[in-house]
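model this:
(chains A and B)
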Amino acid sequence: MNDFENDLKRQLAREADAVQSVPRDLAARIAESSGPRPALWLRMAPIAVAVLFVGAVGLAMNNLLRTPPIVPSPAGTPSVLASDNPAPSPAATPSPVGNLGAFACGQGGNGGRQVVQPSADGSGNLTAVRVAHQAGFDRVTFEFAGATLPAYTITLQATTHFTQDASGMPVDLRGSTGLKVVFHGGSEMDLNGKKTYSGSNDLLLPAPSAKGIAEVRQFGDFERVLSWGMGLDALPVCTRVLPLASPTRLVVDVQQQP
Amino acid sequence: MLMEPKVNNMLDRARSGDRDAFALLVDRYGLMVLRTARLIVRDPDLAEDVCQETFFKGWRRLSTLRDEDPGAWLNRIAANEAVSAWRRRHRLQALRERIGMDPGGRPPLTPEARLDLGRALDRLKVDDRAVVVLHYYQDLSVEETARALGIPVDTAKSRLKTALKRLRDFSGAEEN
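Prediction:
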């Protein structure tokens, strides 16, 4: 040890010696804080709580991974699409899936429709359309810019035959039955004429092992009335409609049939 | 480690929840803990808080103390608690030190502004000061210092070397 280190040792010893005793109030505080030692089960409680917490988080994460991330819209509640005059069918009983609401089933036919007016504003610009196979159902998601979903009409029909808006040209989609989705006040362009949706207007689904949605196609964007159609393989047609927020979406699920 | 029968007896009684026995431990080791804390945090009030917290933790963890000397055990708790308490009190400075914005305070002083060793110690990084206190005041070896602070031996050596250089720079001591 050199001179400097010896100086350092002396300095530290001097400083330590300057503290002559434990102040009485500190000793009292220590005595106060060392209350009766908790029972063993109480000392183990934080560990038990931590284990439970980790378990709960793991369970929640597992559920999250299994369930598509959706946020129910405050503007509307999950709803089901049902035919006005559904034909009697063994499959016509609503079948619950998770906590998203039940599917309502029908054989298809003219007049099966549901109108929902989720916002007073009633306008929105489409930004994305997504189609995906999920376990037990096919899902189409229409995503809009902004916080409001335009009013929409969904109509179940017996064929896949649609008519192009404005021109009146016939459009036939794949599948055996059709579902028409019309957004009133919706468009793929904003009020300045700028395109907000740049994706495909004709989405073909790869042939799934089970029957659901075969094709999704836009057939009208005129005077802020946006129309899309779906060609379906599934019969009976069991659907579930979910208006969602953050981002603003309309989700249409079609239950797959064997 | 062999302990005095008296200390062993105090520990046994304290472990069974005897607060009077624990008060005897505080009497015996309190000043040592308070001094260690004071040397590291350099603040009388904060040192008292560290002392209180050290005994509180010691009381709670008494069942984990087996063969170790209770004084060394309490000192180890005190040193770590002192570093943590200093960081909590000086969050901004601790952050600057951690991201390398404040490597040991300030540049070496001019001869006119040389500090005495006490003030030079004030200006060390708290991690370096803890190593200095355990090694030069508690007379722990570098290995024991590293173990007490839960750091690798090489880190303890490096901190010690850095601390000595800075203390020399701050105080104007010549290299031997």
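
B:Leu140: what's it in contact with?
When the contact criterion is Cβ atoms under 8 Å, 6 or more residues apart in numbering or on different chains, the partners of B:Leu140 are B:134, B:148. Backbone N, C-alpha and C define where each C-beta goes, glycine included.

chain A versus that one, what's the distance?
Per Cβ to the nearest Cβ, to the nearest Å, B:Leu140 is found 13 Å from chain A.

tell me the secondary structure for that residue?
Using DSSP: H, G, I helix; E, B strand; the rest coil, the structure places B:Leu140 in coil.

so how far is B:Ala72 from it?
Remark: distance between B:Leu140 and B:Ala72 (Cβ to Cβ, to the nearest Å) = 8 Å.

shared neighbours of these two, which are they?
B:Ala148.

would you map the helices across the chain?
Using chain A here. Secondary structure of chain A (DSSP state H): helices located at A:3-17, A:24-33, A:40-66.

was after chain B, sorry
B:5-15, B:19-41, B:44-60, B:70-89, B:91-98, B:117-122, B:126-132, B:142-149, B:153-171.

looking at these, which one has the lowest mean pLDDT?
Out of these, helix B:91-98 stands lowest, with a mean of 68 (criterion: mean pLDDT).

once you drop chain neighbours, what's closest to the residue nearest the centre of chain B?
The centroid of chain B falls nearest to B:Ala79 when counting by Cα atoms, centre = their mean (3.0 Å). Taking Cβ to Cβ, 6 or more residues apart in numbering or on different chains as the measure, B:Ala79 lies nearest to B:Ala130, with 5.4 Å between them; neighbours along the chain are not counted.

kindly report the same for B:His90.
B:Val126 (7.8 Å).

how many neighbours does the one you found have?
Using other Cβ atoms under 10 Å in any protein chain shown, B:Val126 is surrounded by 20 other residues.

so which bits of stretch B:137-154 are buried?
Applying a neighbour-count criterion of 16 or more other Cβ atoms under 10 Å in any protein chain shown, the buried positions in stretch B:137-154 are B:137-138, B:140, B:142, B:144-146, B:148-149, B:151.

follow-up on the earlier one: okay, now the residue nearest to B:Ala79: neighbour count?
Quick note: B:Ala130 (other Cβ under 10 Å) scores 27 neighbours.

how about B:Arg88?
Residues near B:Arg88, counting by other Cβ under 10 Å, number 11.

the one 3 residues further on too?
Counted with other Cβ under 10 Å, the burial measure for B:Arg91 works out to 9 neighbours.

on that earlier part again, out of the helices of chain B, which comes closest to A:Glu32?
Nearest to A:Glu32 among the helices of chain B is helix B:44-60; the distance by Cβ to Cβ comes to 9.2 Å.

can that closest one be found next to chain A?
Yes. Using Cβ under 8 Å from any Cβ of the partner chain, helix B:44-60 reaches chain A at B:47-48, B:51-52, B:55-56, B:59-60.

what is the burial count for whatever residue of the stretch 51-200 of chain A ends up closest to chain B?
Among residues of the stretch 51-200 of chain A, the one nearest chain B by Cβ to the nearest Cβ turns out to be A:Val51. It sits 19.9 Å away. Counted with other Cβ under 10 Å, the neighbours of A:Val51 add up to 10.

cool, and B:Arg123?
Burial of B:Arg123 is recorded as 18 neighbouring residues (other Cβ under 10 Å).

that one contacts B:Ala163, doesn't it?
No. With the criterion set as Cβ atoms under 8 Å, B:Arg123 and B:Ala163 do not qualify as a contacting pair; they are 10.6 Å apart.

before we move on, back to that, are any of the residues of helix B:44-60 next to chain A buried, and if so which?
Among the residues of helix B:44-60 next to chain A, those buried by neighbour count (16+ other Cβ under 10 Å) are B:47-48, B:51-52, B:55-56, B:59.

from those, which is closest to A:Gln164?
Once Cβ to Cβ is applied, the member of those that ends up nearest A:Gln164 is B:Phe56, at 78.4 Å.

verify the stated contact: that closest one with A:Ala31.
No. B:Phe56 is not in contact with A:Ala31 according to Cβ under 8 Å; the separation is 10.7 Å.
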